[in-house]
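> Dropping a prediction and its sequence here:
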Amino acid sequence: MPTLIESIIDYEPDQLDMLAEQWGIQQELDPAKSAARQIAARLQDRELFDEVLQALPDKAYQALLRLARSGGRQPLDQFQRVFGELREMGAARREKVRPDRNPGSITEKLYYSGFIARAFLREGGQPQEFIYLPEEFQQFMSAEIERLESDNIPALPNYTPARVYTASDIILEHACTLLAGLRKGLAPEQIALVNPQVPVDFLQTLLSEAGLLNGGKPDPERIGAFLEAPHARSFSTLNQVWQHSTAVNETKLLQHLAFEGTLKINTLQLRQRLLALFAPLPAGQWFDLDEFSGWIKQRQPDFLRSAGDYDSWIIQHKEKGFYLKGFEHWDEVEGELLKAALTGPFFWLGLVDLGTRSKSGKAQLFRRSAWTEALLEGQTLEYAPAEVDSFALNKDGGLLVERGFPLSLRYQLARFCDWGLEKKGKYSYRISPPALQEALRQGLQVNQLIVLINKHARKPLPPNIPQALERWKQHELEAVFEQPVLLRVRSAVILDQLLATRSGNTLTRLNDTTAVVKSGSVQALKEALLDMGILADVRLEV
């Protein structure tokens, strides 16, 4: 890079006067000597440089930092797109306009203060006009960058959040849910991953990278090994796959933003930069997400877009419709991405604990987890997860399976049943004829479900459920509700028994195996049949 004297040696007298005024050294210059050489020598004083640097407006200061981080130079047109135009003017116009006192842009402020210069420099063998930092100033700014990066990160010493969400391996439960759903034939949009909420497409991509999905379809052998392996090993594997993935794209976490055009984001490089921002944080201290984001904005803002890209990337706010162009929208793009990554993948994959400032508030705080160091070093974790060895089975065919139940067993149960909503860490399933028929079509056997129930359902078992499954083995579907509301059963004996129950008065028998059902009585009759050990299907669609 050209030196200070090389940068200003050809300046006109009025430009040199402007520099001397900006640096407050007019009275120090000897009229009998070269003004350019005197100014260049004086501006090499580090204390004077720091004094004038700290007096700059924040936007001008940030522009210098970003130029220094770019190696001290950028093409003139690229720099001007971000920081404004450097107007062409001669001595007469400069005297009239006084751009040193009334700059029209950040670029002019820095140029007429002498912090930056312009010149044709070689780039790829061809001369190109650049804005650059003189060699001495680049050295000063490199030291400034080191000082900033060594500053204390804004921690919250001795702070106790109202609520703490400790890093865990819950993403393994989500993986089990997603894999079982896809194996069962559910569409991704039919599968919900909650508490914590994880986007299905994120986990689907991660599982594909881990080799558990092939073309979007589950690989049974690999899934079996993954779900049966110790939790610590499977979880560590997912973390390492994520850290090195080229397919997982964290910008998709910002679902309210659309990254348009032919833009290709280097997702691995982005994640490595995010990890590099996080890695130096001291252990045991809480950090405020907003304060940390502001600290990164001041010191290392270009982890997604580089200085020349803030105007060239096409990013639209989907809800509001406008485009987020320029560094002034950093908080809405990089700031939101940083916070989404910390509260998303960094938390889901064990690197951070999250905290809230109030009992009902959302996560506003984070800290390194107990697993951070090992995971960042690529080690396999060692821990013993809490285990649950049984599930609840109700007489209506409903199952409640708690988190901690063996993943491989829940995967099997889920494939035999209809799915309900997950609540408070419990997965809700229900045995039904359609679910059993689908399981049979996929090669499963009802006897497998009977074994699971006998071995792992909490005792005492409701006797009607094993009885219903044993009858299903022999006869499959024995009772169907259809439109018009008719009940058809396999044998007259079944209808005789049903008519003898308390719900029998809601039936009008048509023949040995068919009866008309009174309006609103289907559910009660289904329960009565299940009490008899018979699973009934309902086909009332118009």
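Now that the structure is in, tell me what you want to look at.
> ranges for the helices of the stretch 351-500 of the chain?
Along the stretch 351-500 of the chain, the segments classed as helices by DSSP state H, counting those that start in this stretch run 372-376, 407-416, 433-441, 446-456, 464-475, 492-499.
> most packed of those?
helix 407-416 (a mean of 21; mean count of other C-beta atoms under 10 Å). Bear in mind the C-beta positions are built from the backbone N, C-alpha and C, glycine included.
> and that one, what does it pack onto?
helix 170-184, helix 220-228, strand 398-402, strand 426-430, helix 433-441, helix 446-456 (3 or more C-beta pairs under 8 Å, 6 or more residues apart in numbering; DSSP states H and E).
> Please tabulate the helices of the stretch 351-500 of the chain in CSV, including the columns distance to Leu29.
Below are the helices of the stretch 351-500 of the chain laid out as CSV (distance: least, C-beta to C-beta, whole Å):
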stretch, distance to Leu29
helix 372-376, 54
helix 407-416, 78
helix 433-441, 89
helix 446-456, 89
helix 464-475, 97
helix 492-499, 109
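> Which among the helices and strands packed on helix 407-416 is found nearest to Val485?
helix 433-441 (17.4 Å; C-beta to C-beta).
> Give me the pLDDT value at Phe481.
pLDDT for Phe481: 77.
> residues near it, how many?
If you count neighbours by other C-beta atoms under 10 Å, Phe481 ends up with 20.
> How about it, nearest residue that isn't a chain neighbour?
Val538 (4.5 Å; C-beta to C-beta, 6 or more residues apart in numbering).
> Leu207 reaches Ala180, doesn't it?
No: taking contacts as C-beta atoms under 8 Å, Leu207 lies outside contact range of Ala180: 12.0 Å.
> The helices of the stretch 351-500 of the chain: which one's closest to Ala229?
Once the helices of the stretch 351-500 of the chain are compared by C-beta to C-beta, helix 407-416 is nearest, at 9.2 Å.
> Would you mind getting the angle between the closest one and helix 220-228?
Counting by axes from the mean of the first three to the mean of the last three C-alpha atoms, to 10 degrees, helix 407-416 lies at 130 degrees to helix 220-228.
> who's in contact with the closest residue to Leu365 other than its chain neighbours?
Nearest residue to Leu365, sequence neighbours excluded (C-beta to C-beta, 6+ apart): Gly355, at 3.7 Å. Residues near Gly355 by C-beta atoms under 8 Å, 6 or more residues apart in numbering: 161-165, 286, 363-367.
> make it 10 Å
By C-beta atoms under 10 Å, 6 or more residues apart in numbering, Gly355 lies in contact with 156, 159-166, 286-289, 361, 363-367.
> Now Ala457. Nearest residue, chain neighbours left out?
Closest residue in space to Ala457, ignoring its immediate chain neighbours: Leu393 at 4.1 Å, by C-beta to C-beta, 6+ apart.
> And for Gln445, the neighbour number?
12.
> Would you agree it is in contact with Lys473?
Yes: the pair Gln445 / Lys473 is scored as a contact, 8.5 Å apart, by C-beta atoms under 10 Å.
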